[in-house]
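Undergrad: My questions are about this predicted structure, shown below with the sequence.
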Amino acid sequence: MNADAKDNPLKLSILDLATIYNSESATETLQNSTELVQLADKLGYTRYWFAEHHNTKHQVSTSPDLLAAHAAVLTENIRIGSGGVMLPNHSPLKVVENFSLLEALHPGRIDLGMGRAPGTDGITALALRRSREAVEGNDAGELLQELLAYFTRKFPEDHPFAQITPSADPSLIPELFMLGSSDGGMRIASQLGLGYAFAAQINPDWAIPALRSYREKFQPSEFLAEPYSIMSIIVVCAETDDEAAYLAGPAELQWVRWGTGQFQYAPPTLDEAASHAYTPEEEMIRKQNKGRFVIGSVEAVKKELLHLQKEAQIDEIMILNMITDKEARHQSFTLLADAFQLSGK
């Protein structure tokens, strides 16, 4: 990838949290994800990532490696992966085994995006790791170094894991990305020569500075010769600005609820969001959340995404899928594919 990313065509991808909308069943939610990844494959999107979340009543994305395996079988060209595997929850050896296997099954189509946080509450982190010392140790950096050493077969000779063979073929390495919503992930990605994906929906104010710094500080590695950066953000696109604002209502209300400590509610429906009367506090949070979203007609959205590409010097926008209506969701992604002339089938 050319270091001057702003001069390159903007690639589009999708981040899926497998969220249960409109009182669907878990099976229906996963079927919707299956249909969307197949549509994205046909439309020419670059990659489709599944998140990792635990101990939630409204998301079923607990195992991005299993979801990736399912999606990869049912698609042909789109890259499939994790956004991301949360390193503190897993044995590095098992992560490498799983993603090497996926790479062998689907050569050149697998991504391993990795996060440094557990992505859940303390008691669930303990249940996942079965060790209070591990939960309290904050050893994500050590876990990452161990994972990379398994891929490269470059443990120190006296390391206790040096003789472990994680896969039969040492070339089975997926594309590697460090995820982040602050400068911590940026420093790791730039120093170790990994791809970098910044979650602007989580921390919009940090997005542009962190992504610019990653490109400036990037050091080539055996994994990546030149920097490659992605910004994830919530995008709602429709034929008109008014329709897009209506479709974005549930996502805006959900983020307001999260910002005011109202975690007990299911994701709101379109009707619920449209009829919701925001309190003064909620309205303040809603305004503060504007940077998490790009909402509007296809012309307005395209203009804003290209502006973000130029400002952040990124190669790719990853769209967080938070449109509750399936038909409108598909239409949003189709409009964007047409606007950016993605090379679908």
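TA: Received the coordinates, thanks. Numbers count the residues shown, from 1 in each chain.
Undergrad: where does the stretch 151-300 of the chain have low pLDDT?
TA: Regions of the stretch 151-300 of the chain meeting the criterion pLDDT under 70 are absent.
Undergrad: Break down it into its helices, ranges please.
TA: 183-192, 204-217, 241-259, 270-275, 280-288, 298-312 (DSSP state H, counting those that start in this stretch).
Undergrad: Present the ones you listed as JSON lines; the columns should include mean neighbour count and distance to residue 80.
TA: All C-beta spots, glycine's among them, are computed from the backbone N, C-alpha and C. Putting the helices of the stretch 151-300 of the chain into JSON lines (neighbours: other CB atoms under 10 Å; distance: least, CB to CB, whole Å) gives the following:
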{"stretch": "helix 183-192", "mean neighbour count": "20", "distance to residue 80": "21"}
{"stretch": "helix 204-217", "mean neighbour count": "19", "distance to residue 80": "23"}
{"stretch": "helix 241-259", "mean neighbour count": "20", "distance to residue 80": "24"}
{"stretch": "helix 270-275", "mean neighbour count": "14", "distance to residue 80": "29"}
{"stretch": "helix 280-288", "mean neighbour count": "13", "distance to residue 80": "34"}
{"stretch": "helix 298-312", "mean neighbour count": "17", "distance to residue 80": "22"}
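Undergrad: could you dump those to a markdown table with distance to residue 86?
TA: Formatted as a markdown table, these follow (distance: least, CB to CB, whole Å):
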| stretch | distance to residue 86 |
| --- | --- |
| helix 183-192 | 12 |
| helix 204-217 | 19 |
| helix 241-259 | 19 |
| helix 270-275 | 29 |
| helix 280-288 | 26 |
| helix 298-312 | 24 |
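Undergrad: Relative to residue 91, which of those is closest?
TA: For those, proximity to residue 91 was assessed by CB to CB; helix 183-192 is nearest, at 19.5 Å.
Undergrad: before we move on, the earlier item: out of the helices of the stretch 151-300 of the chain, which is closest to residue 21?
TA: Across these, residue 21 has its closest neighbour in helix 241-259 (7.7 Å, CB to CB).
Undergrad: can you list the residues that contact that closest one?
TA: For helix 241-259, contacts defined as CB atoms under 8 Å, 6 or more residues apart in numbering pick out 21, 234, 236-238, 263, 265, 267-270, 272-274, 276, 278, 282, 285-286, 288-289, 292-293, 295-297, 300-301, 322-325, 328, 332.
Undergrad: 7 Å instead?
TA: 234, 236-238, 265, 267-270, 273-274, 276, 282, 285-286, 289, 292-293, 295-297, 300, 322-325, 328 (CB atoms under 7 Å, 6 or more residues apart in numbering).
Undergrad: what does stretch 89-103 give?
TA: Applying CB under 7 Å, 6+ apart, the set of residues contacting stretch 89-103 is 65, 68-69, 72, 85, 110, 112, 118, 128-129, 143, 146-147, 150-151, 164, 166-167, 172-174.
Undergrad: Helix or strand: which one has the residue nearest the centre of the chain?
TA: When CA atoms, centre = their mean is applied to the chain, the residue found nearest the centroid is residue 83 (3.6 Å). Following DSSP states H and E, the helix or strand that holds residue 83 is strand 79-86.
Undergrad: What pairs with that strand, parallel or antiparallel?
TA: If you go by DSSP bridges, strand 79-86 pairs up with strand 47-50 (parallel), strand 110-115 (parallel).
Undergrad: List the neighbours of that strand that are in contact with it.
TA: So strand 79-86 is in contact with 15, 46-52, 64-65, 68, 71-72, 95, 106, 109-115, 117-119, 174, 179, 197, going by CB under 7 Å, 6+ apart.
Undergrad: That strand versus helix 183-192: what angle between them?
TA: Computed with axes from the mean of the first three to the mean of the last three CA atoms, to 10 degrees, the direction of strand 79-86 lies at 120 degrees from that of helix 183-192.
Undergrad: Pull the number of nearby residues for the nearest residue to residue 156 once chain neighbours are set aside.
TA: Among residues not flanking residue 156 along the chain, residue 162 sits closest, at 6.8 Å (CB to CB, 6 or more residues apart in numbering). By other CB atoms under 10 Å, the residues close to residue 162 number 12.
Undergrad: Would you check how far apart residue 162 and residue 223 are?
TA: 20 Å (CB to CB, to the nearest Å).
Undergrad: circling back: can you flag the buried ones in the contacts of stretch 89-103?
TA: With burial judged by 16 or more other CB atoms under 10 Å, the buried subset of the contacts of stretch 89-103 is 65, 68-69, 72, 85, 110, 112, 118, 128-129, 143, 146-147, 150-151, 166-167, 172-174.
Undergrad: re the thing from before, next one, pLDDT for the residue nearest to the centre of the chain please.
TA: Model confidence at residue 83, given as pLDDT, is 95.
Undergrad: Pull the number of nearby residues for residue 105.
TA: Neighbourhood size, residue 105 [other CB under 10 Å]: 13.
Undergrad: ok, it - contacts?
TA: Residue 105 makes contacts with residue 72, as judged by CB under 7 Å, 6+ apart.
Undergrad: mind redoing it with 10 Å?
TA: With contact set as CB atoms under 10 Å, 6 or more residues apart in numbering, residue 105 has these partners: 69, 72, 73, 172.
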